[in-house]
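A.B. asks: Pasting a predicted model and its sequence here:
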Amino acid sequence: MSNKNNKSGIVYSTNASFKFADGIKPIETTLPPAQQDLRIQLDKKQRAGKAVTLITGFVGKENDLETLAKTLKQKCGVGGSAKDGEILIQGDHRDKILALLTTAGYKAKKAGG
């Protein structure tokens, strides 16, 4: 008795300007580097004790996040990944990444202990 056309349990609305939320994200524009507020921290949780440098706070398109992650990985000479607005760089490279991001014009600072 499931109705696949029924979205989020709403059957009828009296609001004339009501629209269903599709769950599709609007296309984000990437903020310029000077307006980005990036946090750099060391993370060891759920990684079998291995340390990774975690960069959070990026606002923009996934393609721009991937290109930033690629340049950081190349400059540090290590692997990593980028998804959901976060960049993971293998190893402890906080100081080097902080220097790279500030020279590129990003607002970045170390977070955590």
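C.D. replies: Received it, and whenever you're ready, just let me know what you need. Note that the structure is a prediction, hence the values are computed from the model and not measured.
A.B. asks: what's downstream of the biggest strand by length in the chain, the next helix or strand?
C.D. replies: Counting residues, the longest strand in the chain under DSSP state E turns out to be strand 37-43. Using DSSP states H and E, the next helix or strand after strand 37-43 towards the C-terminus is strand 52-56.
A.B. asks: Is I87 in a helix, a strand, or coil?
C.D. replies: What DSSP: H, G, I helix; E, B strand; the rest coil gives for I87 is strand.
A.B. asks: give me the beta-bridge partners of it?
C.D. replies: I55, A82 (DSSP bridges).
A.B. asks: That one contacts V52, doesn't it?
C.D. replies: No. Contact criterion CB atoms under 8 Å: I87 and V52 do not qualify, at 9.8 Å. Using the backbone N, CA and C atoms, a C-beta is placed for each residue, glycine as well.
A.B. asks: how about the helices in the protein?
C.D. replies: 62-76, 94-103 (DSSP state H).
A.B. asks: Show me what the shortest one is packed up against.
C.D. replies: Applying 3 or more CB pairs under 8 Å, 6 or more residues apart in numbering; DSSP states H and E, one finds that helix 94-103 contacts strand 37-43, strand 52-56, helix 62-76, strand 107-110.
A.B. asks: Next up, the contacts around the residue most central in space within the chain.
C.D. replies: Central residue of the chain (CA atoms, centre = their mean): G85, 0.5 Å from the mean position. By CB atoms under 8 Å, 6 or more residues apart in numbering, the contact list for G85 reads 56-59, 65.
A.B. asks: Of these - the most surrounded one?
C.D. replies: F58 (23 neighbours; other CB atoms under 10 Å).
A.B. asks: Distance check, that one against K19.
C.D. replies: Note on F58: its distance to K19, by CB to CB, to the nearest Å, is 29 Å.
A.B. asks: So, low pLDDT: which residues of the protein?
C.D. replies: When residues are selected by pLDDT under 70, those of the chain lie in 1-11, 21-27, 113.
A.B. asks: what bridges to D37?
C.D. replies: The partner residues for D37, given DSSP bridges, come to K107.
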